[in-house]
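Asks: give the three-dimensional model of this entry:
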Amino acid sequence: MKRKIQNILNLFCAVVTGSLFLTSCAEHKSQDKIMSEERVIPAIKTDTATLATGCFWCTEAIFQRLKGVTKVISGYSGGKVPSPTYEEVCTGTTGHAEACQVIYDPTQISFDELLKVFWKTHDPTTLNRQGNDVGTQYRSAVFYHNEFQKERAEHYKTLLDSSGIYNRPVVTAIEPFTNFYSAEDYHQDYYNANPNQTYCRLVIQPKIEKFEKLFKDELKVGNGE
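Replies: So this is what the prediction gives:
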């Protein structure tokens, strides 16, 4: 009798265990199916423009407000001294320009559109100078990454020169990209972090206000976010 009861219990346990195993497998297959059916979102393929319009605080504050621009990094480009400090660049002896790496989504904003903003938000006719900022580190420059960028930059520079918009020739340097060194952390996102700083209020803010009027349809929602 005891053996019979034990056999029944063993059979019951086998049935229950089997049921649990089948249920677990079914759930696992169902989860796999759900996961395989989830829509795969492809990564955004970005491009890079390296632009110099004088003080990089101004350049950064303007370009980071454009739709399609995913990131702007302030730094130094076009010089021969590796990993320069801000103090070294300020001497004007390193050959670097204060510049920004503008990372953008070309499906939302084109390189031509970036150039349009570039030339309309600084004075490209003052050699090594923007306002009171004087020195080779403040030169107007496009550091092209490929032949397409070179061709477009030269094309628009020629158009500007022949348009008669300026009384003086456009002196923007169009140079091959050779290097870029990120500036110190405190330079990054400078205007947004220091809107009440004197230079930001007196120099950058008026430029941003003018830019936002000219390019109101190209601005991000929330602007500098």
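Asks: center of this structure, which residue is that?
Replies: Geometric centre of the chain, nearest residue: K71, 2.3 Å, by Cα atoms, centre = their mean.
Asks: tell me the pLDDT at it?
Replies: K71 is assigned a predicted lDDT (pLDDT) of 97.
Asks: separation between it and V203?
Replies: Using Cβ to Cβ, to the nearest Å, one obtains 23 Å as the distance from K71 to V203. Bear in mind the C-beta positions are built from the backbone N, C-alpha and C, glycine included.
Asks: also I44?
Replies: Distance from I44 to V203, by Cβ to Cβ: 33 Å.
Asks: how about E218?
Replies: For E218, the distance to V203 equals 22 Å [Cβ to Cβ].
Asks: equivalent analysis for T48, please.
Replies: Distance, T48 to V203, using Cβ to Cβ: 26 Å.
Asks: so these two - more neighbours on which side?
Replies: Set T48 next to V203 and count neighbours by other Cβ atoms under 10 Å: V203 wins out with 20 against 16.
Asks: which residues touch that one?
Replies: Residues in contact with V203 (Cβ atoms under 8 Å, 6 or more residues apart in numbering) are 55, 58, 131.
Asks: T107 now?
Replies: Neighbour list for T107: G68 [criterion: Cβ under 8 Å, 6+ apart].
Asks: repeat that with 7 Å
Replies: Listed by Cβ atoms under 7 Å, 6 or more residues apart in numbering, the contact set of T107 is empty.
Asks: any idea how far it lies from C100?
Replies: Distance, T107 to C100, using Cβ to Cβ: 21 Å.
Asks: try K207
Replies: With the distance defined as Cβ to Cβ, K207 ends up 14 Å from C100.
Asks: of those two, who's got more company?
Replies: More neighbours surround C100 than the other of K207 and C100, with 27 against 21 (other Cβ under 10 Å).
Asks: most neighbours among the contacts of V203, which one?
Replies: C58 leads these on contacts (other Cβ under 10 Å) with 26 neighbours.
Asks: just give the nearest non-adjacent residue to Y199, would you?
Replies: W57 (7.3 Å; Cβ to Cβ, 6 or more residues apart in numbering).
Asks: the one you found is in contact with N192, isn't it?
Replies: No - counting by Cβ atoms under 7 Å, W57 does not reach N192; the two are 10.2 Å apart.
Asks: so where do the strands sit in the chain?
Replies: 47-53, 69-77, 97-104, 129-130, 133-134, 140-144, 173-176, 180-182 (DSSP state E).
Asks: ok, the residue lying closest to K67 once chain neighbours are set aside - contacts?
Replies: In space, and not counting its chain neighbours, K67 is closest to K220: 5.2 Å by Cβ to Cβ, 6+ apart. The contact partners of K220, taken as Cβ under 7 Å, 6+ apart, are 65-67.
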